[in-house]
Structure formats: C-alpha cells, structure tokens
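# starting from these lines, generate the structure:
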Amino acid sequence: MLHKKSPIFNRINLDGLGIAASLLCAIHCAVLPLLFTSLPLLGLDLVKNKGFEYGMIGLAFAIGSYALYHGFKKHHHRIIPFLLLIAGFVFLFLKEMLPAHQTWMVLPALLLIVSAHYANYKYCQKAKHCHADDCNH
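Predicted structure coming up:
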C-alpha cells in the first residue's frame, strides 16, 4: 500500500515545532503574569483561569503527541520520547494542582517536554529512513 505524504508535513519539522511550542509555553508562564497583572481590573483574568490553562496544556499535549507519533511510526519505533513527554505533562498538571509549587514544576516540565522532542529528533535522524506501515524492526 502506497502512503501519500502531505506536502505541508514535508516542509515542517514537527519536533522543531514542538520545541518552539514548549519554549513559548515557558515564556507564557514567565511573562504573562508580569505583563497582564492589570487584566483583572478589566474583568479578564487569564493568569488564574484554570479552564484556559488546562486548555493550553491539552492543546500542547495533542501537538506534542502528534509530532512524536509521526517519528515513532515512520522512523524509530522507540517509546522513550513518549515517556519523557508524559512525564513533562505530569509536571504541568501538578503545577496547576499545587499552586504553591508552580515555580518548581515549570522547569522540569519544560526540560522533559523539550527532551522528548529532542530525543525524537535524534532517533529520527539516526534511523535515516522512512518506511511503510509494515516495517518489522
């Protein structure tokens, strides 16, 4: 069975996108509270909005999982990037559930998520091939 590749995914490095999204998340976590402390005066409170935070975490997890799945399925078949990603998102959820420890939860979350994408990238580079769904290695 022939597999048609989407032309957009041939041009986008999904792990690069995942790393960029993780860094944007870190910037969001660090800068948003500093810049938008006046939003509650206007009736907007994105800083402490649990729905917004969980939505962003869910979106980041979906994008990250898709990027890792692509590398897993087409290149390396290794589970380590998924384990790193899941561990990173556990820290993100803990950050939301334990507000007193938010600062200490963000750094390991970021490091684990970026490490997941980096490991996926390295495994894909090491495999140096794409193959069909019937690969048995």
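
# C-alpha only now, for contacts and for neighbours.
Noted.

# run a quick neighbour tally on the closest residue to Ser115 other than its chain neighbours.
Spatial nearest neighbour of Ser115, chain neighbours left out: Leu84 (6.9 Å); criterion: CA to CA, 6 or more residues apart in numbering. Here the number of neighbours of Leu84 (other CA atoms under 10 Å) works out to 20.

# quick check: Leu84 touching Ile113?
Yes - at 6.4 Å, Leu84 counts as touching Ile113 under the criterion of CA atoms under 8 Å.

# average pLDDT across the longest helix along the chain?
In the chain, taking DSSP state H as the definition, the longest helix is helix 102-127. With pLDDT averaged residue by residue, helix 102-127 scores 87.

# and that helix, how far from the chain's centre?
8 Å (CA atoms, centre = their mean, to the nearest Å).

# now that helix: buried residues?
Buried positions in helix 102-127, judged by neighbour count with 16 or more other CA atoms under 10 Å: 102, 105-106, 108-110, 112-121, 123-124.

# so which bits of the host helix or strand of Ile57 are buried?
Element membership for Ile57 (DSSP states H and E) is helix 50-71. Across helix 50-71, burial judged by 16+ other CA under 10 Å covers 53, 57, 60-61, 63-65, 67-71.
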